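Visitor: Below are the sequence and a predicted model; questions follow.
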Amino acid sequence: MNFNDFKNKLEELKTTKLGGLDAQFKLAPKLRLKYDKDKIIANNPKKAAVLALFYPNNANETCFLLTKRASYKGTHSAQISFPGGKIEKTDKNLESTALREANEEVGIKESSIHIIRELTDVYIPPSNFLATPFLGFVNHKPNFIKNHEVNKTIEVLLNDLLDDINLTWINMNTSYMDNIDVPCFKLNDYIVWGATAMMLSEIKELFR
């Protein structure tokens, strides 16, 4: 999608009804399906926010940013995700969290980011986080500056997300589940699954 066409869709993106859990659950691991609203509330999850950032590449095609997390001794080591993290006391709200984390992790100036809308919360059982995604854009391709939390920035074409050929399943072993088939996106030869895939599934339906 040309970036001019993307910007022409902004008003529509702001008002289109979100797909919510129905859209997210198309890309949810079976483990996630066990958690209904009451069970999530009972777990008293920690709050977090992420930013799905769109921007034009050098050919003026609409792209969005994913990151490969750095390797560490933790649940989400080396996974593919959006920039984001837990809310801090200095954040006035979750939108502020998403903007601050994008600045800290990949060096995007908060003042350059235009927030389009808030998306549906995603519960992440292994780390007991409730993550709120925000859809945003910048008018020019950023010069990404990674911090220690990010191993790599990944530029993905919006058209690749919208193409069903990039939907698949993969058998995985993780720190909290073994030999399980999970739905995922294959984008730029990276497997994107779990909470990030659930967010992308809702974004995909929003653009359609």
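Guide: Noted; the coordinates are in hand.
Visitor: so how many other residues sit close to residue 92?
Guide: Here the number of neighbours of residue 92 (other CB atoms under 10 Å) works out to 8. C-beta here means a position set from N, CA and C on the backbone, and glycine is covered the same way.
Visitor: okay, stretch 138-153 in CSV with CA atoms only?
Guide: The C-alpha trace of stretch 138-153 is given here as CSV (Å, rounded to 0.1, in the frame of the first residue of the first chain):
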residue,chain,number,x,y,z
VAL,A,138,5.3,9.0,11.5
ASN,A,139,5.5,10.8,8.2
HIS,A,140,9.1,9.9,7.4
LYS,A,141,11.1,6.7,7.7
PRO,A,142,12.8,6.9,11.2
ASN,A,143,16.4,6.5,11.9
PHE,A,144,16.1,3.7,14.4
ILE,A,145,18.6,3.7,17.3
LYS,A,146,18.4,0.5,19.3
ASN,A,147,19.0,0.1,23.0
HIS,A,148,20.1,-3.0,24.9
GLU,A,149,16.6,-4.5,24.8
VAL,A,150,16.5,-4.8,21.0
ASN,A,151,18.6,-7.1,18.9
LYS,A,152,17.3,-6.0,15.6
THR,A,153,14.7,-3.8,13.9
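Visitor: Okay, buried residues for the lowest-mean-pLDDT helix or strand in the chain please.
Guide: Within the chain, no helix or strand scores below helix 30-33, which has a mean of 74 by mean pLDDT, DSSP states H and E. For helix 30-33, burial by neighbour count (16 or more other CB atoms under 10 Å) applies to residue 32.
Visitor: Keeping just the C-alphas, turn it into PDB.
Guide: What follows is helix 30-33 as a C-alpha-only set of coordinates in PDB (Å, rounded to 0.1, in the frame of the first residue of the first chain):
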ATOM      1  CA  LYS A  30      -4.400 -22.700  22.500                       C
ATOM      2  CA  LEU A  31      -3.000 -21.800  25.900                       C
ATOM      3  CA  ARG A  32      -4.400 -18.300  25.600                       C
ATOM      4  CA  LEU A  33      -7.900 -19.500  24.800                       C
END
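Visitor: now for that helix, which elements pack on it?
Guide: Helices and strands touching helix 30-33, by 3 or more CB pairs under 8 Å, 6 or more residues apart in numbering; DSSP states H and E, are strand 180-187.
Visitor: And the contacts of the helix or strand following the strand it packs on?
Guide: Per DSSP states H and E, the first helix or strand lying C-terminal to strand 180-187 is strand 190-192. Around strand 190-192, the neighbours that count as contacts under CB atoms under 8 Å, 6 or more residues apart in numbering are 66, 68, 80, 154, 170, 184-186, 200.
Visitor: out of those residues, which are buried?
Guide: 66, 68, 80, 154, 184-185, 200.
Visitor: In strands only, show me those residues.
Guide: 66, 68, 80, 154, 184-185 (DSSP state E).
Visitor: Need those residues in TSV (columns: distance to residue 98).
Guide: Below are these laid out as TSV (distance: CB to CB, whole Å):
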residue	distance to residue 98
66	15
68	19
80	17
154	18
184	23
185	21
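Visitor: before we move on, back to that, can I get the contacts of strand 190-192 in TSV with pLDDT?
Guide: Shown next, in TSV, are these (pLDDT from 0 to 100):
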residue	pLDDT
66	97
68	93
80	92
154	96
170	88
184	94
185	96
186	95
200	97
